[in-house]
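[1] I'd like to go over a predicted model; first the sequence, then the structure.
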Amino acid sequence: MTSTSLPARSSVGSSIDIDDWRPEDNTFWESTGKRIANRNLWISIPSLLCGFAVWLMWGIITVQMLNLGFPFEPKQLFTLTAIAGLSGATLRIPSSFMIRIAGGRNTVFLTTAFLMIPAVLTGMALQDKNTPLIVFQLCALLSGFGGGNFACSMSNISSFFPKRLQGTGLGLNAGLGNFGVTTMQILIPLVMTAGLFGTMGGEPMTLVKDSGWILGKITAGTPTFIQNAGFVWLLLLVPLAFLGFFGMNNLKSVSPNIGSTLGAFVKVTWLYLLGLVVSAVGLYLYLPKPFGLGTLNMWLAMPLIIVAMLLVMKLSAFGDMRANLEKQFKIFNNKHTWSMTALYMVTFGSFIGFSMALPLAITVIFGFQHVLDPATGAWSHALKNPSAPSALTYAWIGPFVGALIRPVGGWVSDKVGGAIVTQVISIAMVIASVATGYVMLQAYHSQTPEQYFFLFMALFIVLFAASGIGNGSTFRSVGVIFDRDQAGPVLGWTSAVAAYGSFIAPVVIGDQIKAGTPEYAMYGFAIFYAVCVVINWWFYLRKNAYIQNP
């Protein structure tokens, strides 16, 4: 097989490493390329779904640990979600560059297989209430593998599809992959109710508090197999790793210096180890005592971690990795890398951030009766609201809508242009954020906050839907703006930065709720969205835009 002649269809389809790949050639695409691209896409999607599920599972696990009486304070358990969020976002940075270094098939297989490590360790740790907190913190750190998966998955799929189908292909991969959030929120409470793994899965524990779920309430005293929250993912990960290894392809035109399969695995493992070390050090500096030093605030910790990750990668690269990374780092000299990073923060950053923050907002704003003390003028939130909605009953709806509509955003953008769609949804998010902030203000100053709940949920669903559509439109724009050498790394890089939304939104909303001004968080997000409306117009929609409506 050579790069100058069209190989036989069977030869291309049966080869792990494909030398000749020309998706922009319609004849090649229709006869050979479409079949191979779709096969890689439909193996990639469920692998990405499991990545999201393993990454974000601590939001559900920690709630159930409280209900089961694990000997930790809520603030100790909340560190687990922070650790997983920051680790997953940081691991996306090295993952952004893995495809060019190690090949798509090699990278997706190994990163999917790595998900088994936190799944197994988490299941084992949850079998015993006496497991030390540091063990759970390690499991949460390793759950960041699931966050890293997105960057390499999107970078890989981008290489398989022609520019005219970038929005559709990437929208399907990301949109259906994002169902991992909803899948996790529904599946984990379900599998906790049964001993799926027999004696190997360990003994059940007994709920000491009532536990909510989408179908109602599970009462105290119910036997619960919380360890299944980790073990259940093996039922999907084992066959998916097998499919990835034997069913996916490396594109030599994208990854020319892969070397041996074992060598590719070493490169991926090395980059992940670097990411875990940087994440651990950054978390130690950020987390408050006694969990860390508490010397950095959020806005300082994140850019320092990002810069440190890039610097460590550059200094520690070995062999042909060094030259390959130098070539990919040229994306930082392109102004469109930075404009698309901001726009992707609007879309995916909002999606993942609100997914993490919504349960907290529901629990605190609607879970208490808010009474004004006439003597002090302060609001009291000491009384539980007997009519409070359950966060576990409703929190999954927004992420479900956002993931479901994401492929639609890509498909529409392929028809009318990505920048136009991005502009429309950004304006919608400005309006919805302001409205949501106003509703949060009214609910937080009410003895019957539940009367505002369904309007609150409707507005958040608008935000999730808009962010989902915008994910598809920004993918389309990246695929058109950048050539094939840069599109993959840019997709990975923008997704890495946007993933810090899983860290920003809960902290910002939580701090403002604590201060008694939850509406300020949403007003702040609205200001950021408005700035990005201007950025999108300046770069891609005005009369003399750099690139017109990509």
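    Looks like it came in fine.
[2] Can you pull the poorly scored residue ranges out of the stretch 201-350 of the chain?
    The model of the stretch 201-350 of the chain has pLDDT under 70 over residues 209-217, 220.
[3] can you pull out the strands in the stretch 351-500 of the chain?
    Applying DSSP state E, counting those that start in this stretch to the stretch 351-500 of the chain gives strands spanning 368-372, 379-384.
[4] again, but for the stretch 1-150 of the chain
    Using DSSP E, counting those that start in this stretch, strands in the stretch 1-150 of the chain cover 17-18.
[5] residue ranges with poor pLDDT in it?
    Residues of the stretch 1-150 of the chain that meet the cut-off, pLDDT under 70, sit at 1-14.
[6] one step back: and the strands of the stretch 351-500 of the chain, which one is worst for confidence?
    Ranked by mean pLDDT, the strands of the stretch 351-500 of the chain bottom out at strand 379-384, with a mean of 69.
[7] any idea how far the nearest residue to A435 once chain neighbours are set aside lies from I61?
    Ranked by CB to CB, 6 or more residues apart in numbering and with sequence neighbours excluded, the top spatial neighbour of A435 is L459, at 5.4 Å. Glycine gets a C-beta too; all of them are placed from N, C-alpha and C. Separation of L459 from I61 (CB to CB, to the nearest Å): 28 Å.
[8] So which of the two has more stuff around it?
    The neighbour comparison of L459 against I61 (other CB atoms under 10 Å) goes to I61, with 28 against 21.
[9] and the closest residue to that one other than its chain neighbours, how far is that from Q442?
    Using CB to CB, 6+ apart and skipping residues adjacent in sequence, the residue nearest I61 is A229, 5.1 Å away. Separation of A229 from Q442 (CB to CB) stands at 36 Å.
[10] Over to G180?
    G180 is 34 Å from Q442, where distance means CB to CB.
[11] Can you pick out the residue with more neighbours from these two?
    More neighbours surround G180 than the other of G180 and Q442, with 29 against 15 (other CB under 10 Å).
[12] what secondary structure does the more buried one sit in?
    Three-state call for G180 (DSSP: H, G, I helix; E, B strand; the rest coil): helix.
[13] How many residues are close by the nearest residue to it once chain neighbours are set aside?
    Counting by CB to CB, 6+ apart, the nearest residue to G180 once its immediate chain neighbours are dropped is F52, at 2.9 Å. Using other CB under 10 Å, F52 is surrounded by 27 other residues.
[14] Isn't F52 up against G146?
    Yes - counting by CB atoms under 8 Å, F52 does reach G146; the two are 6.2 Å apart.
[15] Give the residues shared as contacts by the two.
    G180 (CB atoms under 8 Å, 6 or more residues apart in numbering).
[16] Give me the buried positions along the helix or strand where N536 lies.
    In the assignment (DSSP states H and E), N536 maps to helix 518-540. Of the residues in helix 518-540, 518-523, 525-526, 528-530, 532-533, 535-536, 539-540 count as buried by neighbour count, 16 or more other CB atoms under 10 Å.
[17] need the contact list for the residue nearest to A435.
    A432, A435, T436, V439.
[18] got TSV for these, with distance to I36 too?
    Output for these, formatted as TSV (distance: CB to CB, whole Å):
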residue	distance to I36
A432	40
A435	46
T436	44
V439	49
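[19] Filter those down to the ones in helices?
    A432, A435, T436, V439 (DSSP state H).
[20] Buried residues, stretch 266-282. List them.
    266-268, 270-272, 274-276, 278-280, 282.
[21] Sorry, wrong one. I was asking about stretch 160-174.
    With burial defined by 16+ other CB under 10 Å, the residues of stretch 160-174 counted as buried are 160-163, 165-174.
[22] Turn those into a markdown table, including secondary structure, distance to G202 and pLDDT.
    Below are the buried residues of stretch 160-174 laid out as a markdown table (DSSP: H, G, I helix; E, B strand; the rest coil; distance: CB to CB, whole Å; pLDDT from 0 to 100):
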| residue | secondary structure | distance to G202 | pLDDT |
| --- | --- | --- | --- |
| F160 | helix | 42 | 94 |
| F161 | coil | 44 | 92 |
| P162 | coil | 50 | 92 |
| K163 | helix | 51 | 86 |
| L165 | helix | 47 | 88 |
| Q166 | helix | 46 | 84 |
| G167 | helix | 45 | 80 |
| T168 | helix | 44 | 84 |
| G169 | helix | 41 | 86 |
| L170 | helix | 40 | 84 |
| G171 | helix | 40 | 81 |
| L172 | helix | 38 | 86 |
| N173 | helix | 35 | 90 |
| A174 | helix | 35 | 83 |
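[23] Between the contacts of L459, identify the one with the most neighbours.
    T436 (28 neighbours).
[24] Would you confirm that L455 contacts V439?
    Yes - counting by CB under 8 Å, V439 is a contact partner of L455 at 5.5 Å.
[25] F453: neighbour count?
    There are 18 residues near F453, going by other CB under 10 Å.
[26] That one contacts F366, correct?
    Yes - counting by CB under 8 Å, F453 does reach F366; the two are 5.4 Å apart.
[27] In contact with S355, which residues are there?
    Counted by CB under 8 Å, 6+ apart, S355 has contacts L56, V181, G398, P399, G402, S502.
[28] of these, closest to S473?
    G402 (13.5 Å; CB to CB).
[29] which phi and psi does N334 have?
    Taking degrees, to the nearest 10, you get phi -100, psi 120 for the backbone angles of N334.
[30] quick one, what contacts the nearest residue to L91 once chain neighbours are set aside?
    Using CB to CB, 6+ apart and skipping the chain neighbours, the partner closest in space to L91 is G148 (3.3 Å). G148 sits next to G51, G88, L91, R92, P94, S95, T111, Y272, G275 when contact means CB under 8 Å, 6+ apart.
[31] residues near the fourth one, how many?
    Residues near R92, counting by other CB under 10 Å, number 28.
[32] which one is it nearest to, not counting chain neighbours?
    A496 (3.4 Å).
[33] ditto for the fifth one
    Distances taken as CB to CB, 6+ apart put L271 closest to P94, at 3.8 Å, once the chain neighbours are dropped.
[34] Please report phi then psi for that neighbour.
    phi -70, psi -40.
[35] Tell me how far it lies from A151.
    Taken as CB to CB, the spacing of L271 relative to A151 amounts to 11 Å.
[36] shared neighbours of the two, which are they?
    In contact with both L271 and A151: S95, M98, using CB under 8 Å, 6+ apart.
[37] Distance to K514 for the buried residues of stretch 160-174 - can I get that in CSV?
    Formatted as CSV, the buried residues of stretch 160-174 follow (distance: CB to CB, whole Å):
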residue, distance to K514
F160, 46
F161, 45
P162, 49
K163, 47
L165, 46
Q166, 42
G167, 40
T168, 43
G169, 42
L170, 38
G171, 37
L172, 40
N173, 38
A174, 33
